[in-house]
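**Student:** model this:
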Amino acid sequence: FETIESQTSTTGAVDIITDTTNERPKPEARIKDIAIKNNNKNCNRVKCLWPGCSLEFRDKYNLSVHMVRHTGEKSFHCRSAGCQKTYATKAALDVHYNTHSDNRRFKCTFSECDAAFIRKTQLTVHVSDKHTGLKPFRCNWPGCKCTAYQR
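**Tutor:** Now for the predicted structure:
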């Protein structure tokens, strides 16, 4: 940013950091440079100030997760050999690490089936495709007869 100024509302409760150049923030811009900081301890809402975005969040963490939509920044990298995956949050990276392990805790309960999965949704798809054939949702596109197990 070329020029950043701080403004205070008439109540003095909110300190707004704005970019007076009206340029789109660079992806490497720090989140604090484009967020409203609230000095009131009872209200921790932070607002995204990306041009054209009016979303608010309860805390800086949720704003930082949201900012990836604007910046594309994913700072959590998988450290498994040969894997190039990156994620916006540590929680998402931790879920990803299960793909590198043998931790398949969602097991098929149909007899003579040893299938096991990392995610519950994978088990649900497996049961629908291989065992029950249940696909209760029909495509509403005119003339389409496709069905699916989820909307």
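
**Student:** dump the residue contacts of Ala94.
**Tutor:** Wrong residue type there; residue 94 is Asp, not Ala. Contacts for Asp94 (C-beta atoms under 8 Å, 6 or more residues apart in numbering) come out as none. (Glycine included, C-beta is placed from N, CA and C.)

**Student:** helix/strand/coil for it?
**Tutor:** Here Asp94 is recorded as helix under DSSP: H, G, I helix; E, B strand; the rest coil.

**Student:** Relative to Arg119, how far out is it?
**Tutor:** 13 Å (C-beta to C-beta, to the nearest Å).

**Student:** how much space between the residue nearest the centre of the chain and Asn98?
**Tutor:** The centroid of the chain falls nearest to Val65 when counting by C-alpha atoms, centre = their mean (6.0 Å). Distance, Val65 to Asn98, by C-beta to C-beta: 20 Å.

**Student:** same thing with Val127?
**Tutor:** Plainly put, Val127 is 20 Å away from Asn98 if you go by C-beta to C-beta.

**Student:** can you pull the buried residues of the host helix or strand of the residue nearest to the centre of the chain?
**Tutor:** Assigned by DSSP states H and E, Val65 falls within helix 60-71. Within helix 60-71, the residues scored as buried using 16 or more other C-beta atoms under 10 Å are Leu63, Ser64, His66, Met67, Val68, His70, Thr71.

**Student:** Of Val127 and Asn98, which one has the most company?
**Tutor:** Taking neighbours as other C-beta atoms under 10 Å, Val127 and Asn98 compare with Val127 leading, 18 against 13.

**Student:** pretty sure the more buried one contacts Cys108?
**Tutor:** Yes: counting by C-beta atoms under 8 Å, Val127 does reach Cys108; the two are 6.6 Å apart.

**Student:** quick one: terminal-to-terminal distance for stretch 144-151?
**Tutor:** In stretch 144-151, first residue to last residue: 15 Å (C-alpha to C-alpha, to the nearest Å).

**Student:** same thing with stretch 94-105?
**Tutor:** Terminal residues of stretch 94-105 are spaced 15 Å apart (C-alpha to C-alpha).

**Student:** ok, back up a step: need the buried residues of helix 60-71 in a markdown table with pLDDT, can you?
**Tutor:** Listed next are the buried residues of helix 60-71 as a markdown table, based on pLDDT from 0 to 100:
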| residue | pLDDT |
| --- | --- |
| Leu63 | 89 |
| Ser64 | 82 |
| His66 | 88 |
| Met67 | 88 |
| Val68 | 85 |
| His70 | 91 |
| Thr71 | 90 |
